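Student: Next one to model:
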Amino acid sequence: MSTPMTPQSSTRQESGPGQAAQKNGRAVVAAPRGVPQSPLEASSRRSRWVVALLLAAAMLWTLVPLLWMLLSSFKNRTDVTAATPRALFAPTLDNYRNLFTGSNNLGPYIWHSVLAAGISALLAVSLGALAGYGLARTQMHGKRHLAFWIISTRMAPIAAIVLPLFLIFRGLGLVDSIPGLVLAYLTFNLPFAIWLMSAFFAEVPPSLEESALVAGCTRWQAFRMVILPLTKSGLVTTFVLCLVFAWNDYAFAVVFSGPNSQTLPIAASQLVTQTGIDWGQLTAIGTIVVVPMMLAGLAVRRWLVTGLTLGAVTGE
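Tutor: Now for the predicted structure:
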């Protein structure tokens, strides 16, 4: 008499807290509910919370003043100077309108800033790419010392640079001119561009340009058609940073500019007088100065983030 065969059960048994479960032929004991986490897991969770709180505090520290400046630029004189800050108010464009009417026309200041900062950034990137490529590919004794000396020129105190440059510019007739401002901005933008671009070029394997040379390209063609496209993010990053440095400059502009070349930071300082401060127009100028650079950074954020994460800020 044959006994009936019992088929193997294909259903998975659910293991409750503290029960053993089958996994790959081995018994795995599930941790019962209510058991405290290990010290390592608890420390990791606390670290994540601390990092999140620090990031939130940094964002508030950065964004709240900018947001308050933007809101204040749409307030009238009474709301701006009120003893108790007002979050709810009737917005007005009078501050912006007054900046572009009458004797307070802000148009020439904006044009001077665009010319001086834009040309300076373009020249810094162009010359910095050439010099940075040579510095990255040249093998010589003391190369690291030369790279440090180039960037160290940017660390010099402004007071030590302004007086000699002013005497040279006055002798050449460059005071109160856009070319003079461009050259003044190059004194701190060009060393930074060389240092930054040399780090980008060092990330590109030399075998790529060697292959281009074997294929019949000249050194200049290999640089222009192979190396530059591969370092596009570095070029954009360097241009944006140089543009921001020149756009926000006040120290060089106040010394080398004049009625024919004054920039936006100079226009903002002229609103602070002995009779008082026009806070409405001052916050409006601040918004005009900040917003274009923020929009430029957002427009190229993909290349900017890629460039800053390629080790370019290490200067190696």
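Student: Can you verify residue 239 is assigned to a strand?
Tutor: No. Counting by DSSP: H, G, I helix; E, B strand; the rest coil, residue 239 is located in no strand; its state is helix.
Student: Double-check it against residue 121; I have them as touching.
Tutor: Yes. The criterion here is Cβ atoms under 8 Å, and residue 239 meets it with residue 121 at 5.3 Å. For glycine as for every other residue, the C-beta is placed from the backbone atoms N, C-alpha and C.
Student: wait, what's in contact with the residue nearest in space to the middle of the chain?
Tutor: Nearest residue to the geometric centre of the chain (Cα atoms, centre = their mean): residue 241, 5.9 Å. Remark: with contacts taken as Cβ atoms under 8 Å, 6 or more residues apart in numbering, residue 241 is in contact with 192, 196.
Student: Per-residue pLDDT of it, please?
Tutor: The per-residue pLDDT reported for residue 241 equals 89.
Student: now swap in residue 185 and tell me
Tutor: For residue 185, pLDDT reads 94.
Student: Over to residue 191?
Tutor: 91.
Student: Please identify which helix or strand holds it.
Tutor: Per DSSP states H and E: residue 191 is located in helix 178-202.
Student: Can you give me the buried ones in that helix?
Tutor: 178, 180-202 (16 or more other Cβ atoms under 10 Å).
Student: before we move on, what about stretch 212-226?
Tutor: 212, 217, 222-223, 226.
Student: can I get the CA coordinates of it in CSV?
Tutor: This file holds the C-alpha atoms of stretch 212-226, laid out as CSV (Å, rounded to 0.1, in the frame of the first residue of the first chain):
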residue,chain,number,x,y,z
ALA,A,212,45.9,64.2,-32.6
LEU,A,213,49.6,65.0,-33.4
VAL,A,214,50.1,61.5,-34.9
ALA,A,215,46.9,62.0,-37.0
GLY,A,216,48.6,65.1,-38.6
CYS,A,217,47.4,68.0,-36.4
THR,A,218,49.7,70.7,-35.4
ARG,A,219,50.1,71.6,-31.7
TRP,A,220,47.7,74.5,-32.1
GLN,A,221,45.1,72.4,-33.9
ALA,A,222,45.4,69.7,-31.2
PHE,A,223,44.9,72.4,-28.5
ARG,A,224,42.0,74.1,-30.3
MET,A,225,40.1,71.0,-31.6
VAL,A,226,40.8,68.4,-28.9
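Student: Give me the residues contacting stretch 101-111.
Tutor: Here stretch 101-111 has contacts from 98-100, 262-264, 266-267, 281, 285, 288, using Cβ under 8 Å, 6+ apart.
Student: about what we covered before: quickly note the distance from the residue nearest to the centre of the chain to residue 193.
Tutor: For residue 241, the distance to residue 193 (Cβ to Cβ, to the nearest Å) stands at 8 Å.
Student: Surely residue 76 is in contact with residue 94?
Tutor: Yes. Assessed by Cβ under 8 Å, residue 76 is found in contact with residue 94 at 6.5 Å.
Student: that older thread, so which of the contacts of stretch 101-111 belong to helices?
Tutor: 98-99, 264, 266-267, 281, 285, 288 (DSSP state H).
Student: Just the buried ones among these, please.
Tutor: Using 16+ other Cβ under 10 Å, the buried ones in those are 99, 264, 266-267, 281, 285, 288.
Student: which stretches of the stretch 1-150 of the chain have low pLDDT?
Tutor: 1-42, 102-103 (pLDDT under 70).
Student: where do the strands sit along it?
Tutor: 20-23, 26-29 (DSSP state E, counting those that start in this stretch).
Student: sorry, back to before: overlap of the contact sets of residue 76 and residue 94?
Tutor: residue 280.
Student: Give me the subset of the buried residues of stretch 212-226 that lies in helices.
Tutor: Per DSSP H, the subset of the buried residues of stretch 212-226 in helices is 212, 222.
Student: now residue 268, nearest residue through space, not along the chain?
Tutor: Spatial nearest neighbour of residue 268, excluding adjacent residues (Cβ to Cβ, 6 or more residues apart in numbering): residue 285 at 4.5 Å.
Student: contacting residues around that neighbour?
Tutor: 99, 106, 264, 267-268, 271.
Student: Can you list the low-confidence ranges for the stretch 201-316 of the chain?
Tutor: Checking the stretch 201-316 of the chain against pLDDT under 70 turns up 304-316.
Student: which stretches of it form strands?
Tutor: 272-273, 276-277.
Student: Perfect, that will be all.
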